[in-house]
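Visitor: Any chance you could fold what I've pasted below:
(chains A and B)
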There are 2 protein chains.
Amino acid sequence: MNRFFVTPQDIIDNIIRLCTEDAKHIRSLRLRPEETFSVCDGTGIDYICKLGERDSCTVAEIVDEQLSIGEPTVKCSAYMAYSKGDRLDFAVQKSVELGVYEIILFESERCVAVPKDIPKKVSRLQRIALETAKLCNRGIVPKVTSGGNLNNIIDKVSVESSQASNLVLFFYECENRLSIRDILEQRLLPPFNNEGSETKAVSIITGPEGGFEPHEAELARSKKITTVSLGTRILRSETAPVIALAAVMYHTENL
Amino acid sequence: MNRFFVTPQDIIDNIIRLCTEDAKHIRSLRLRPEETFSVCDGTGIDYICKLGERDSCTVAEIVDEQLSIGEPTVKCSAYMAYSKGDRLDFAVQKSVELGVYEIILFESERCVAVPKDIPKKVSRLQRIALETAKLCNRGIVPKVTSGGNLNNIIDKVSVESSQASNLVLFFYECENRLSIRDILEQRLLPPFNNEGSETKAVSIITGPEGGFEPHEAELARSKKITTVSLGTRILRSETAPVIALAAVMYHTENL
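Guide: Next up, the predicted model:
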C-alpha cells in the first residue's frame, strides 16, 4: 500500500491535508477512487485513507486506522562520520530500513570528505530517509542532523551513557576484547518492549573510511563510553553502522 | 597490510608465484624492499611475504605465516535472485564483508532483470567478491556462480536441508509466524566452532524486488524448507540477504 507522512497538525477531524509534493505523487500514481493508501503522522498510527475530492489530490479522508507495525521497540541513534561519495546515502537508506530512530552526522580526524555545504548534504540524506521510510513501512521518518565534530558527539552521548536506560557503543577497529555480542548480552536485557525494559535507547558511533585515531577512542573511553569490536573482518565505513544496527535489532527481537 | 590471493599450486617451497594482475597491482603500490604484504591460498593460512626479486613483482618470498582470522566458523551460502541495476553488486560486496562462503544467483518468477549475458554478470560479481575479500581480511574468495532457476535451487537445497548439519532458510515476506531469531535459536545451537557444532552450514534464499510468489514459497515448504520472516519492515531485495547473514554471524558469535 502506498504510504505518505504528514504532521499531526495536518489532521483535522477525519480529514488529512497532504502537501503539494505528496499530492503530485498521488496524481502520478493515478490512484482510482476506491483505492486506499496509508498516511502516517509519526505518532505510531497508520491512517487508511482515500482521496477526498475528485479533482484534488491534496485532501484525504480517513476510513480506518491501525497501530504502525514498522517501529522497533528500541530507540537506536546512529552517529555516522562523514564519508566519501555515496557511502552515507547507502548507510542512511539501510539504517532506515532496519528501524533507526535518528541519524547524526559528524566530523572526525580521519574524515577525508567533509561536505563543504553541510545543510545541503543533510537535506539530501533527509530526503533519502523520507523515501525509504515510505517504502519500508516505517511509522516515523528518522531525522537526519549534523552534530558537529566528534568532541561534540562524545560530550553529548557521555551524559546519556551515564543513565542505565542508555547504552552507547563506540565502534573501534583496534578493539579486540569486547565484541558487540558480549556487550549486548551484558547490557541489553529482556524484556525489549519499551515499557518494561531497562535499556530503552542504544547509540551507535562509527568512524569514517580510515576508522578512528587511537586518541579518539581514548577520549571516548575516558568519558566512560564503551569501545566495541564488530569482528575480525574489516567492514567498510558504510557497512559498520548497518551491521551494528542489525545486531541490535536481532538481539532485541526486532528482526 | 595489502593482501593477495593465490592457489595452493602457486606456492613451491618458500616461494609464491603471483599472477600478472597482482604483480601489476604490487608495482602500482610501489612497495619498498622491506615492506611486507600478505598472501592467502584459500586454505586458511595467511603468508607474510616480501618481494623476491628486485626487478620483478611476480615472485614473493614467505617470511612468516599465521592462521587466517577472517573466516567465520559457520559456512553460509547465499542464494540471491537476480535484481535490477547495481543491487547485486551491493549485496555481493556486503555479503563478502560479512563472511559469506559462496553466492549462488538464480532466476525466480518476479525477477524483472535477468541479465542477457549471465557469464558476464557472474564474472563481474566474482571480481567484486575478490576485491572485497582482499580489503576485508578474508581467508578465501567466496565463489559466485549461477544456479539456474528457483526450482533447481530448491531441488539442490532440499537434499541439504534433510541433513541435521544443514539449515536452509527461505525468506518470504508473507511469512509472519516464524522470525529468523526463532529459527536460529531452535536450530543453530552452540558450540559454533566447526568441529563441535551440530549445524555446520546455513543456506539463505532471498527473492528479487517483488519478493516471491505464494506458489514459490509453497514449493519450498513442500520440500521441507523453512520459510522465515525478517521482521515487519520491508527490506529491499539487496538488503535482505545482508541482514540475514548479519543475523547468522551475530548469532554464531562471528561478529
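Visitor: Please count neighbours and contacts with C-alpha atoms only from this point.
Guide: Will do.
Visitor: can you tell me which residues contact A:L88?
Guide: A:82, A:125, A:238 (C-alpha atoms under 8 Å, 6 or more residues apart in numbering or on different chains).
Visitor: Hmm, the last one is touching A:R87, no?
Guide: Yes. Under the criterion of C-alpha atoms under 8 Å, A:E238 lies in contact with A:R87, with a separation of 5.4 Å.
Visitor: mind putting the contacts of A:L88 in CSV, secondary structure included?
Guide: As requested, these are exported to CSV (DSSP: H, G, I helix; E, B strand; the rest coil):
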residue, secondary structure
A:Y82, coil
A:L125, helix
A:E238, coil
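Visitor: out of those, who's nearest A:Y101?
Guide: Of all the contacts of A:L88, A:Y101 sits closest to A:L125, with 14.2 Å by C-alpha to C-alpha.
Visitor: if I look at the closest one, how far off is chain B?
Guide: A:L125 is 18 Å from chain B, where distance means C-alpha to the nearest C-alpha, to the nearest Å.
Visitor: What residues does chain A have near chain B?
Guide: Residues of chain A lying close to chain B (C-alpha under 8 Å from any C-alpha of the partner chain) are A:69-71, A:94, A:97-99, A:135-138, A:179-181, A:229-236, A:239, A:243, A:246-247, A:250, A:253-255.
Visitor: And for the residue nearest to the spatial centre of chain A, nearest residue in space, chain neighbours not counted?
Guide: Central residue of chain A (C-alpha atoms, centre = their mean): A:V100, 2.8 Å from the mean position. The shortest distance from A:V100 to any non-neighbouring residue, by C-alpha to C-alpha, 6 or more residues apart in numbering or on different chains, is to A:C76 (5.2 Å).
Visitor: Tell me which residues touch the one you found, please.
Guide: A:C76 sits next to A:99-102, A:201-204, A:245 when contact means C-alpha under 8 Å, 6+ apart.
Visitor: Quick one, which of those has the minimum pLDDT?
Guide: Least confident of those in the model: A:A201, at 91.
Visitor: before we move on, the earlier item: of all the contacts of A:C76, which comes closest to chain B?
Guide: Checking those against chain B by C-alpha to the nearest C-alpha gives A:G99 as the nearest, at 7.7 Å.
Visitor: neighbours of the closest one, just the number please.
Guide: 31 (other C-alpha atoms under 10 Å in any protein chain shown).
Visitor: Thought A:E71 was touching it, still the case?
Guide: Yes. Between A:G99 and A:E71 there is a contact under C-alpha under 8 Å: 6.4 Å.
Visitor: For the two, list the residues in contact with both.
Guide: Counting by C-alpha under 8 Å, 6+ apart, the common neighbours of A:G99 and A:E71 are A:138, B:233.
Visitor: Please say which of A:E238 and A:R87 ends up with more neighbours.
Guide: Of the pair A:E238 and A:R87, A:E238 is the one with more neighbours under other C-alpha under 10 Å, namely 26 against 16.
Visitor: Can you name the residues that contact the more buried one?
Guide: Residues counted as contacts of A:E238 (C-alpha under 8 Å, 6+ apart) are A:83, A:87-88, A:90-91.
Visitor: where's it relative to B:Q93, distance?
Guide: A:E238 sits 12 Å away from B:Q93, taking C-alpha to C-alpha, to the nearest Å as the criterion.
Visitor: cool, and A:M80?
Guide: 20 Å.
Visitor: Report the residue spans of the stretch 151-255 of chain A with pLDDT below the cut-off.
Guide: Counting by pLDDT under 70, the stretch 151-255 of chain A has low-confidence residues at A:194-199.
Visitor: Sketch out the helices for it, chain order is fine.
Guide: A:180-187, A:214-222, A:239-251 (DSSP state H, counting those that start in this stretch).
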